[in-house]
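Asks: model this:
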Amino acid sequence: MVPRTILILVPILLTSVLDAEDVPKDVAEFLKRGELCEHFRQEPWPEGGSEEERERRKFIAKQIEDLCTGLPEVGLILREKYHDKPSVIEKLDETRKWGE
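Replies: Alright, predicted model coming up:
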């Protein structure tokens, strides 16, 4: 008998793999970076003064800086590079919110 967790996770994981195959590697990496950028932008900001909370704030800020800096410019470069590939442009259109 297959554990229920595996039955739930397999379609999710396959969807990610299939989506990644629909676009070139550089676009897939850009999309993943953008998803991570958005994730850290939405992280709750620890308000306290404990060492753990200060470290968490530092970690979140570093992730946002590393992942989000230059993201809109990379998107523009990829849009220009793949301007003749409608399926790639469609994926990139979904990321326009990252530049806002």
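Asks: mind checking the SS state of the residue nearest the centre of the chain?
Replies: With distances taken as CA atoms, centre = their mean, Glu35 lies nearest the centre of the chain, 1.6 Å away. Assigned state for Glu35: helix (three-state reduction, DSSP: H, G, I helix; E, B strand; the rest coil).
Asks: Report pLDDT for it.
Replies: Model confidence at Glu35, expressed as pLDDT, equals 94.
Asks: tell me how far the helix or strand containing Lys58 is from the chain's mean position?
Replies: Counting by DSSP states H and E, the element that carries Lys58 is helix 51-68. Chain-centre distance of helix 51-68: 17 Å, with CA atoms, centre = their mean, to the nearest Å.
Asks: Now do that helix: everything it contacts.
Replies: The contact list for helix 51-68 (CB atoms under 8 Å, 6 or more residues apart in numbering) reads 33, 36-37, 40-41, 43, 45-47, 98. The C-beta positions use only the backbone N, C-alpha and C, and glycine is treated the same way.
Asks: Now with 6 Å, please.
Replies: Outside helix 51-68, the residues that touch it by CB atoms under 6 Å, 6 or more residues apart in numbering are 33, 36-37, 40, 43, 46.
Asks: low-confidence ranges in this structure?
Replies: Low-confidence segments of the chain, defined by pLDDT under 70: 1-21, 96-100.
Asks: So what's the residue count around Lys91?
Replies: A count of nearby residues for Lys91, using other CB atoms under 10 Å, gives 19.
Asks: Name the nearest residue to it, ignoring sequence neighbours.
Replies: The shortest distance from Lys91 to any non-neighbouring residue, by CB to CB, 6 or more residues apart in numbering, is to Val23 (5.4 Å).
Asks: Is that neighbour in contact with Val88, as I believe?
Replies: Yes - in this structure, Val23 is within contact of Val88 by CB atoms under 6 Å, at 5.4 Å.
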